[in-house]
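# how would this look folded up:
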Amino acid sequence: MPVPSQSTLAAVLDHVDASLPASRANLFDLLRIKSISAQPAHAADCVQAADWWRRQLAGLGFEASVQPTAGHPVVVAHIAGAPDYNGPHILFYGHYDVQPVDPVSLWHSDPFDPQYVDGPRGKRFVARGAVDDKGQTLMFLEALRAWHAAGGGIPARITVLIEGEEEVGSLNLDPFLRDHKADLAADLALISDTGMWDVDTPAITTRLRGMTYAEVTLKAANRDLHSGLYGGSALNPINALTRILGDLQDENGRIQLPGFYDKVAPVSNSQRAQWDALGFDEAAFLGGIGLTTPVGERGYAPLERLWARPTADINGIWGGYTGAGSKTVIAAEASAKVSFRLVPNQDPDEVMAQFKRFVTDRLPPGATASFAEFSRAPGIEVNVDSPHVRAALDALSDEYGKPALLMGSGGSIPVVTSLRSILGVDSLLMGFGLDDDQVHSPNEKFEEACFHHGIRSHVRLLAKFAGG
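Here you go, the predicted model:
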């Protein structure tokens, strides 16, 4: 197959447009599968979703298989591409699993009965997984389908890796990557699990915050105590824990762990100027969730706080009696879950050690502390001078008729770290989600315009990689 011509590219794009209803139907088929990885009752649904992917890829000429892990299965597929292809070997990563749907009462429709409804920006899809990540992965699949049908075949050398445990921490992915390192070798990883600046402005995500996520438990007495008999004498671990956690940040929002900022690099003036020029409206951003006053580290602009500064948040806290009515008890123990969003160069293990030291240095006499760590991932910064990034910027600009942005993300995608550390592959993060897609929330949605442009953008990117 020769390098794709402009006429071939135009034919493939026309096929995408004409086949949009069929692409939507394919997405809805996948959305109906209740692949909730966190709930054992849906283990068979996860297998069904994996097999759905296997069948779709095999139908496009891929050598595709469903491979077991200690948890939910992984889909791996390969295609060699055109004989004269000289572009990068692409590893496309995605996940078929979704978050639980609770609380179901807040959904306007069955979460697994996808709805095609009107919205302020045109039609949209509403279902669990609509954007995270079934809708975004399907864009790539439909781009492949369009090349297969109208472009004379898939032009690039591609490996597809679709896992089923992203929403529960991808605990079995790293062992799988290590065991199949040779089979998954590639030049870059392409991931669509991020967002755009707005519905009309595409973006490449070049920064991701990492994370250290920990649980701390303080213990005092050997049993719960009557607060009337022991109050004023016995240590209350809930009081002690809340005092300690209340000291995590000072009045300026600066995190108080020892050495926490030692490896935090400042943002360049040019990067700060680019972000300032975006005109981010923090008041509107907060207003959409019912808030009016920003918090966080003082002295930094909103996007810098969201994308390039570390944070500390208490994600849950419990102890003692929390049921209906009253029970005057001094609890024997209290616990909290705490997450630290990290920026590039910060070491998640060092931050965990800093947190332990911060807590233990403040323990009152009679209290002991124990810790558990649930996830850790360093922050990521992508080389924006990479030829792969430049190809993606060109593809997006061609599709949208305007320059694509380089933006950050306050969230974490741990697989990016795994792909780099285990496979030695950097990731290209070209996503099409929006801030209001209600990811992980009831009534999750995906705009059809984003889905449509996403398919076309992946078509264009494959052409760029093939030299077209």
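# from the chain's centre, how far out does the host helix or strand of Leu161 sit?
In the assignment (DSSP states H and E), Leu161 maps to strand 158-163. When C-alpha coordinates are averaged (Cα atoms, centre = their mean, to the nearest Å), strand 158-163 and its chain have centres 17 Å apart.
# what residues sit buried inside that strand?
Neighbour-count burial for strand 158-163, with 16 or more other Cβ atoms under 10 Å as criterion, is recorded at Ile158, Thr159, Val160, Leu161, Ile162, Glu163. C-beta here means a position set from N, CA and C on the backbone, and glycine is covered the same way.
# before we move on, what about stretch 103-111?
Those would be Trp107, Pro111, for stretch 103-111 by 16+ other Cβ under 10 Å.
# Gly169 against Ser418, yeah?
No: the criterion here is Cβ atoms under 8 Å, and Gly169 misses it with Ser418 at 11.3 Å.
# neighbour count: those two, which is higher?
It is Ser418, of Gly169 and Ser418, that has more neighbours when counted by other Cβ atoms under 10 Å, with 21 against 16.
# Ser375 versus the nearest residue to the more buried one once chain neighbours are set aside, what's the distance?
Spatially, and ignoring its direct neighbours in sequence, Ser418 is nearest to Asp174 (5.3 Å; Cβ to Cβ, 6 or more residues apart in numbering). Per Cβ to Cβ, to the nearest Å, Asp174 is found 12 Å from Ser375.
# what does Val104 give?
Taking Cβ to Cβ, one finds Val104 at 27 Å from Ser375.
# same check on Gly366?
Following Cβ to Cβ, the distance that separates Gly366 from Ser375 is 31 Å.
# how's this structure carved up into domains?
The record's domain split for the chain, according to automatic domain parsing, is 6-208+379-465, 210-264+310-377.
# comparing those domains, which comes out most buried?
domain 6-208+379-465 (a mean of 20; mean count of other Cβ atoms under 10 Å).
# ends of that domain, how far apart?
End-to-end span of domain 6-208+379-465 (Cα to Cα, to the nearest Å): 14 Å.
# try stretch 257-268
With Cα to Cα as the measure, what separates the two termini of stretch 257-268 is 25 Å.
# quick one: that stretch to chain centroid distance?
With Cα atoms, centre = their mean, you get 24 Å for stretch 257-268.
# got the contact list for that stretch?
248, 254-255, 275, 304, 308-310, 312, 343-347, 350-351, 354-355, 357-358 (Cβ atoms under 8 Å, 6 or more residues apart in numbering).
# so which of those are in strands?
Ala312 (DSSP state E).
# Ser65 versus Leu177, what's the distance?
From Leu177 to Ser65 the distance is 16 Å (Cβ to Cβ).
# now the residue nearest the centre of the chain. Nearest residue, chain neighbours left out?
In the chain, the centroid-proximal residue (Cα atoms, centre = their mean) is Ile413; its distance is 4.5 Å. Excluding the flanking residues, the one nearest Ile413 by Cβ to Cβ, 6+ apart is Leu208, at 5.7 Å.
# what of Pro68?
Val74 (7.9 Å).
# the one you found and Ala44: what is the separation?
Taken as Cβ to Cβ, the span from Val74 to Ala44 is 16 Å.
# kindly report the same for Asp250.
Counting by Cβ to Cβ, the gap from Asp250 to Ala44 is 50 Å.
# same question for Ala273.
Counting by Cβ to Cβ - Ala273 and Ala44 are separated by 53 Å.
# next: Ser421.
32 Å.
# over to Arg305?
43 Å.
# likewise for Thr292?
From Thr292 to Ala44 the distance is 46 Å (Cβ to Cβ).
# then Asp183?
26 Å.
# same check on Asp110?
Taken as Cβ to Cβ, the span from Asp110 to Ala44 is 19 Å.
# can you check Gln249 too?
Gln249 is 45 Å from Ala44, by Cβ to Cβ.
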